[in-house]
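Peer 1: let me see the structure of the following:
(one chain, ligands or ions: 1)
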Amino acid sequence: MLTLALSKGRIFEETASVLAKAGIKPLEDPEQSRKLIIATSNPEVRLIIVRASDVPTYVQFGAADFGVAGLDILLEKGSEGLYVPLDLGIARCRMAVAVREGFDYLAAVRQGSRLRVATKYVNCAREHFANKGVHIDTIHLYGSMELAPLVGLADAIVDLVSTGNTLRANHLVEVESIAEISARLIVNQAAFKRKRESIKPLLDLWST
Ligand code: PRP
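Peer 2: Next up is the predicted model:
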């Protein structure tokens with residue numbers, strides 16, 4: 001049995017269309033069903049539905065053999081125990097630093113000010129600012145980061161930007177790009193060795 005960890009939405013839909021090339025169809029739609037383990041038309045392949053940020057954890061511990069995870073999550077959590085063979089090129093966006101319109105970010109950096117940075121990507125933010133020699137205090141949030149600079153919780157945020165609409169709607173501006181992000185196929189290294197014969201044909205579906 002092979003277990004594939006996916007998050008709902010775009011990643012599930014794109015993955016389902018790739019699996020369809022091998023005639024593998026999910027027997028339920030996670031948007032309709034509350035089930036977290038979804039069987040497929042291939043009795044040897046099942047899907048588990050988890051939060052996007054939890055996909056690497058399931059794969060790292062071997063509870064799933066492989067999965068699809070955003071590079072943002074992999075950068076934040078590390079990819080120990082994972083084999084990351086493919087950039088799937090989907091769910092593209094970038095991780096960026098943004099501040100309130102009118103906040104002079106460059107001057108703050110030049111003056112060596114200590115910045116308060118709100119983010120769910122605490123490790124990425126620490127590394128980014130350490131590389132620039134900027135001292136920061138991080139404030140760990142779980143969503144709606146754009147609010148933090150507006151109500152005085154933070155000077156800056158580190159968040160994902162896709163269309164830029166959320167920043168614009170909240171009068172924030174992007175001041176630095178940290179990384180280009182897209183979804184990656186991730187495989188448990190031990191499972192890849194042990195179950196290579198059954199995993200490999202599935203991985204090949206993404207390259208064809
Ligand atoms: C993401 C991200 C931004 C927004 C950016 O949030 O955290 O808030 O999308 O997209 P845009 O540039 O196209 O406006 P999402 O809606 O995925 O929710 P989240 O806060 O739970 O991550």
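Peer 1: how near is the residue most central in space within the chain to the ligand?
Peer 2: By C-alpha atoms, centre = their mean, the chain has its centre lying nearest to residue 70, at 2.8 Å. Residue 70 sits 10 Å away from the ligand, going by C-beta to the nearest ligand atom, to the nearest Å. Backbone N, C-alpha and C define where each C-beta goes, glycine included.
Peer 1: quick one, helices of this structure?
Peer 2: 10-19, 55-60, 71-77, 105-110, 122-132, 147-150, 165-169, 189-194, 196-207 (DSSP state H).
Peer 1: enumerate the residues of the chain near the ligand.
Peer 2: 143, 146, 159-166 (C-beta under 6 Å from any ligand atom).
Peer 1: ok, the closest residue to residue 186 other than its chain neighbours - contacts?
Peer 2: Spatial nearest neighbour of residue 186, excluding adjacent residues (C-beta to C-beta, 6 or more residues apart in numbering): residue 82 at 4.8 Å. Residues counted as contacts of residue 82 (C-beta atoms under 8 Å, 6 or more residues apart in numbering) are 56, 59-60, 74, 186-189.
Peer 1: and the pLDDT for residue 82?
Peer 2: What the model reports for residue 82 is a pLDDT of 97.
Peer 1: dig out what it forms beta bridges with.
Peer 2: residue 188 (DSSP bridges).
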